[in-house]
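>>> sequence? don't have it. structure:
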């Protein structure tokens, strides 16, 4: 179940990776995001999610870091649905947010409780770290050195 967090995150972020660059070009109120920048930002967040899943596996789901990541993953599905509702259109990630992200997160928390695992990482800790991780990942992707390297790699493989 702990590695399910990483698997669900990968599926959700594939949707974002495929749609974010085109969507940000169309919507001028958000910073334009190149495919390379999207890949770097998604990869950076992926490292945090992978670390959380690993810590969850090592502790049988008892890690506060894992639990906060799991709950934060679930809660962030609301931001996708809310953004699409506010804009009255598709936004990157909105297809998998209510169909995969939220259901997986709810199921996983219920499994932890069913197995007698105390829930120590909650919505408050998730609300604190989640925006910082996402903002940090996007800032990292936009630094000149990282951005240039990402463009070079993208041109070689893409």
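Nice, thanks for sending it over. Quantities reported herein were computed from a predicted structural model and do not represent experimental measurements.

>>> hey, let's count contacts and neighbours off CA atoms from now on
OK.

>>> phi, psi of the residue lying farthest from the centre of the chain?
In terms of distance from the mean C-alpha position of the chain, residue 116 ranks first, at 26.8 Å (C-alpha atoms, centre = their mean). Per-residue torsions, residue 116: phi 80, psi 20 (degrees, to the nearest 10).

>>> Which strand or helix spans residue 39?
Assigning secondary structure by DSSP states H and E places residue 39 in helix 35-58.

>>> Pull the residues that contact the very next helix or strand once past that helix.
The C-terminal neighbour of helix 35-58 among helices and strands, as given by DSSP H and E, is helix 64-87. Under the contact criterion C-alpha atoms under 8 Å, 6 or more residues apart in numbering, helix 64-87 has outside partners 2, 5, 9, 49, 52-53, 55-56, 61, 90-94, 97-98, 101-106, 108-109, 119-123, 125-127, 130.

>>> what angle do helix 64-87 and helix 35-58 make?
Following axes from the mean of the first three to the mean of the last three C-alpha atoms, to 10 degrees, one obtains 140 degrees for the angle between helix 64-87 and helix 35-58.

>>> Quick check: what element follows helix 64-87 along the chain?
Following helix 64-87 toward the C-terminus (DSSP H and E): helix 96.

>>> can you list contacts of that next one?
Under C-alpha under 8 Å, 6+ apart, the answer for helix 96 is 11-12, 15.

>>> Adding secondary structure and neighbour count, write these out as CSV.
Formatted as CSV, the contacts of helix 96 follow (DSSP: H, G, I helix; E, B strand; the rest coil; neighbours: other C-alpha atoms under 10 Å):
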residue, secondary structure, neighbour count
11, helix, 14
12, helix, 21
15, helix, 16
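
>>> want to try CSV for the residues you listed, with pLDDT and distance to residue 23 as columns?
Formatted as CSV, the contacts of helix 96 follow (pLDDT from 0 to 100; distance: C-alpha to C-alpha, whole Å):
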residue, pLDDT, distance to residue 23
11, 98, 18
12, 97, 16
15, 96, 12
